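# A structural model of the following input is requested.
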Amino acid sequence: MPESFFILSKDHLELAKDEIIAIAKTYDRFAKSKSISNLMIIQSKINWEKIAARATFAKISGQILRKMSGLFLGEDNFEILKNAKTFACRIVNLSSKQFDIPELESSMGDMISKLAPVNVDLKNPDIIIYLIFTNQENFFGFSKLEKTTPRPKKVKTHPHELDWKLARVMINLIGLKEGETVCDPFCGTGTILLEAESMGVKAIGVDFDEKMYQISKENLAINGFKSKLIKGDFSKFTSMSDKFDGIVTDLPYGTASKSSENPQELIKKFVAMLPRRKKIAIMCKKGFEKKLNMNPSKTYDIYRHKSLTRTILIK
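Numbering: from 1, shown residues only. Predicted structure coming up:
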C-alpha cells in the first residue's frame with residue numbers, strides 16, 4: 001500500500017499529527033500512521049495530495065518510494081521522472097547528523113541528470129526528489145509543486161475572532177467529508193464557515209449579534225459561498241440537527257458578552273443541548289472545560305499569551 005510523507009510545522013505538533021491521521025482516516029478507516037519527530041508517514045490507499053490539500057500544518061508532503069540505508073541510487077529509482085522534463089532535489093534533515101545540504105543537493109542533481117533525461121529547474125520543477133534523513137530511518141520520495149488554493153477573503157474582521165488555522169484543524173479533526181455539513185452556533189465573523197466551504201464542506205452559521213451576523217454575511221458573499229446563516233440564539237441549532245453532521249465552534253461568551261444571562265450558565269445550557277451521535281469540536285478558555293459535562297475523547301491546549309490559553313475539545 002502506498003506511503004505518504006508529511007513534514008509538519010512544530011507549532012502545535014500534537015495537533016498537527018492528529019490532524020493528518022484524522023484526514024487519512026476520514027477517507028480510509030484502515031489507514032496506518034507512524035511519526036518520527038515532525039515527520040508523519042501515512043500508509044493508505046488515499047493519495048498524499050488529497051490529504052495535503054486539507055492539512056493545516058503540513059509544510060512539505062509527497063509520496064515515499066522506498067526506505068534507504070545509504071545514498072546509493074540506481075536508474076530504477078527514477079521511473080517517476082519518465083514523463084517529466086524538469087526536476088529539483090531537496091534534502092530534509094530531521095536527524096542529529098550534520099550535512100552540507102546545498103552540496104548534497106547539487107551532487108544528487110548531477111547524478112540524476114546522468115541517469116535520467118531531465119533538466120534541473122529549481123524554481124518550477126515538474127518533480128521534486130526528496131531525501132529525508134531521521135535518526136531512525138532515511139527515506140527517498142517525490143512530490144510535485146502543489147497548486148496554492150487562494151485563502152478565503154474577509155471584508156471585515158474582529159480582534160477576537162478565531163484563527164483560521166484552528167478553525168480548519170477542528171473541522172479536520174472530527175472527520176467531515178466534502179458534501180457533509182458543519183454547524184457553528186456562534187459563528188461570529190464566519191471563520192469556521194469560510195474554512196469549511198473552502199474544503200468542500202457545507203456550513204450553517206448561527207449568531208444572535210446583528211453586527212456579527214452581517215459581517216458573516218458579507219464575508220461569505222465576497223467568496224461566493226452559500227453557507228446558511230441564521231440570526232438568533234444558539235438554541236436554534238437544536239431544531240435542525242438533522243441538517244448537519246457535526247458542530248465546530250469557538251465559545252464566545254465572556255465578560256464582553258452582550259447577553260444579560262450569566263455567560264457560564266449560557267455555555268452549560270449550550271453543552272446540555274448538544275445532540276448525540278454528532279461529531280463535535282469546541283474551543284473554550286482553558287479551565288472552563290472542567291465545568292462542562294462533555295467527556296471529550298481528546299483535548300488540546302493552545303497557548304496564546306501568558307494570561308490566555310485556549311482548549312480544544314473533541315468528542
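
# Can you list the low-confidence ranges for the stretch 1-150 of the chain?
69-78 (pLDDT under 70).

# residue ranges of the strands in it, please?
With strands called from DSSP state E, counting those that start in this stretch, the stretch 1-150 of the chain shows them at 3-8, 32-36, 39-43, 58-68, 86-93, 119-120, 127-133, 138-143.

# Same check on the stretch 201-315 of the chain?
Counting by DSSP E, counting those that start in this stretch, the strands of the stretch 201-315 of the chain are 202-207, 228-231, 246-250, 279-285, 298-305, 308-314.

# okay, those in a markdown table with mean neighbour count next?
C-beta coordinates here come from the backbone N, C-alpha and C atoms, glycine included. Shown next, in a markdown table, are the strands of the stretch 201-315 of the chain (neighbours: other Cβ atoms under 10 Å):
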| stretch | mean neighbour count |
| --- | --- |
| strand 202-207 | 25 |
| strand 228-231 | 17 |
| strand 246-250 | 25 |
| strand 279-285 | 21 |
| strand 298-305 | 13 |
| strand 308-314 | 18 |
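
# thinking again about what came up before, want to throw the strands of the stretch 1-150 of the chain into JSON lines with distance to Ala16 and mean neighbour count?
Below are the strands of the stretch 1-150 of the chain laid out as JSON lines (distance: least, Cβ to Cβ, whole Å; neighbours: other Cβ atoms under 10 Å):
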{"stretch": "strand 3-8", "distance to Ala16": "4", "mean neighbour count": "23"}
{"stretch": "strand 32-36", "distance to Ala16": "10", "mean neighbour count": "15"}
{"stretch": "strand 39-43", "distance to Ala16": "8", "mean neighbour count": "22"}
{"stretch": "strand 58-68", "distance to Ala16": "8", "mean neighbour count": "18"}
{"stretch": "strand 86-93", "distance to Ala16": "16", "mean neighbour count": "18"}
{"stretch": "strand 119-120", "distance to Ala16": "31", "mean neighbour count": "14"}
{"stretch": "strand 127-133", "distance to Ala16": "17", "mean neighbour count": "22"}
{"stretch": "strand 138-143", "distance to Ala16": "18", "mean neighbour count": "20"}
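
# Out of the ones you listed, flag the one nearest Asp233.
With distances scored as Cβ to Cβ, the stretch of the strands of the stretch 1-150 of the chain nearest to Asp233 is strand 58-68 (37.8 Å).

# what angle do that closest one and strand 86-93 make?
Interaxial angle of strand 58-68 relative to strand 86-93 (axes from the mean of the first three to the mean of the last three Cα atoms, to 10 degrees): 90 degrees.

# Show me what strand 58-68 is packed up against.
When contacts are defined as 3 or more Cβ pairs under 8 Å, 6 or more residues apart in numbering; DSSP states H and E, strand 58-68 packs onto strand 3-8, helix 48-54, strand 127-133, strand 138-143.
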